[in-house]
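Return a 3D structure for these sequence lines:
(one chain, ligands or ions: 1)
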Amino acid sequence: MELYIDDANTKEIRRLSDIYPVDGVTTNPSILARTGRNPVEVLKEIRTLLGPDRLIFAQAIPTDAEGMIRDAHAICTLLGEQTIVKIPAIPEGFQAIRQLKKEGIRTCGTVVYSPMQAYLAARAGAEYVAPYVNRIDNLGYDGCGTTITIHNILKQHGCPCKVLAASFKNSQQVLTLCAAGIQAATCAPSVIDGFVNNAAVKEAVQDFVNDFRNAAGGSENMADLLSGSGES
Ligand code: E4P
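Presented below is the predicted three-dimensional model:
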């Protein structure tokens, strides 16, 4: 499963991409607004941090097709080739996605709350569709179930579109979708950290360190023990 950071805080992006095998960064207008900075400056900085090969997702703001297409051109000019333009999966968005596909501009149908929204965006030519798992849960429906239905519909109909599951609030939701074969997920930093934030794991790692120190007469690691520089 491709893994993206759903955040625009550049300090967090640097920290997480140093640790985890992340494929890129997704943003939306609200995420950019939370930085309190100029959105263009933030996106440029994220592109520099990611380098030219990893994907960055940035959203077109207008709600009419012509405006979305204009924003898509501007976003691609700003961020380069490995850019996916997020287009809301609404009627005007399907129109924009179709035109952008003809121009070779890569898109993600976003703000997906229902399977048919995703299907139409995929048929229009979106490379990704992004169901909002936790927001669907909060409406009283099944966010993971809806996402798996989308995945199955796209597979059954041979659509070459990937599901980018979004809007997570916990690592269990991500695990459920990873196990179901969903191709991509984008998660806030706290959710990514939650994948391995486990007291039992920390304790087991510390036990190994302590046991080694006892066995090696106080040496803290194998390298020191082998070079004879550890305590004895
Ligand atoms: C990502 O593409 C979405 O915009 C994002 O995951 C929405 O997350 P939220 O529901 O936490 O705002």
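
After the biggest helix by length in the chain, which helix or strand is next?
In the chain, assigned by DSSP state H, the helix with the most residues is helix 199-215. Towards the C-terminus, the helix or strand next in line after helix 199-215, according to DSSP states H and E, is helix 222-227.

just checking, what packs against that next one?
Of the remaining helices and strands, none touches helix 222-227 by 3 or more C-beta pairs under 8 Å, 6 or more residues apart in numbering; DSSP states H and E. Just so you know, the C-beta spots here come from the backbone N, C-alpha and C atoms, and that holds for glycine as well.

Pull out the buried positions in it.
L225 (16 or more other C-beta atoms under 10 Å).

Alpha carbons of that helix, in CSV - could you do that?
Extracted as CSV, the C-alpha positions of helix 222-227 are listed here (Å, rounded to 0.1, in the frame of the first residue of the first chain):
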residue,chain,number,x,y,z
MET,A,222,28.1,-5.3,19.5
ALA,A,223,30.5,-2.8,17.8
ASP,A,224,32.1,-1.7,21.0
LEU,A,225,32.3,-5.3,22.3
LEU,A,226,34.0,-6.5,19.2
SER,A,227,36.5,-3.6,19.1
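
could you give the mean pLDDT of it?
Confidence for helix 222-227, expressed as mean pLDDT, is 94.

Quickly list the domain ranges of this protein.
What the record gives for the chain is the domain set 2-189, 198-232, from automatic domain parsing.

Centre of the chain to stretch 137-148, how far?
Average the C-alpha atoms of stretch 137-148, do the same for its chain, and the two points are 18 Å apart (C-alpha atoms, centre = their mean, to the nearest Å).

That one spans what distance, first to last residue?
From its first residue to its last, stretch 137-148 covers 14 Å (C-alpha to C-alpha, to the nearest Å).

That one vs the ligand: in contact?
No: for stretch 137-148, no contact with the ligand is found by C-beta under 6 Å from any ligand atom; the gap never falls below 8.5 Å.

Now that stretch: buried residues?
Neighbour counts using 16+ other C-beta under 10 Å place 137, 143-144, 146-148 of stretch 137-148 among the buried residues.

Any chance of these in CSV with secondary structure and distance to D23 as columns?
As requested, the buried residues of stretch 137-148 are arranged in CSV below (DSSP: H, G, I helix; E, B strand; the rest coil; distance: C-beta to C-beta, whole Å):
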residue, secondary structure, distance to D23
D137, helix, 25
G143, helix, 22
C144, helix, 21
T146, helix, 23
T147, helix, 18
I148, helix, 21
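
Just send those residues back as CSV, with pLDDT too.
CSV is the format used below for the buried residues of stretch 137-148 (pLDDT from 0 to 100):
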residue, pLDDT
D137, 97
G143, 98
C144, 98
T146, 98
T147, 98
I148, 98
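
Identify the farthest-apart pair in those.
With C-beta to C-beta as the measure, no two of the buried residues of stretch 137-148 lie farther apart than D137 and I148, at 13.5 Å.

Show residues contacting the host helix or strand of A33.
Assigned by DSSP H and E, A33 belongs to helix 29-34. Outside of helix 29-34, the residues within contact range by C-beta atoms under 8 Å, 6 or more residues apart in numbering are 6-9, 39, 42-43, 59, 61.
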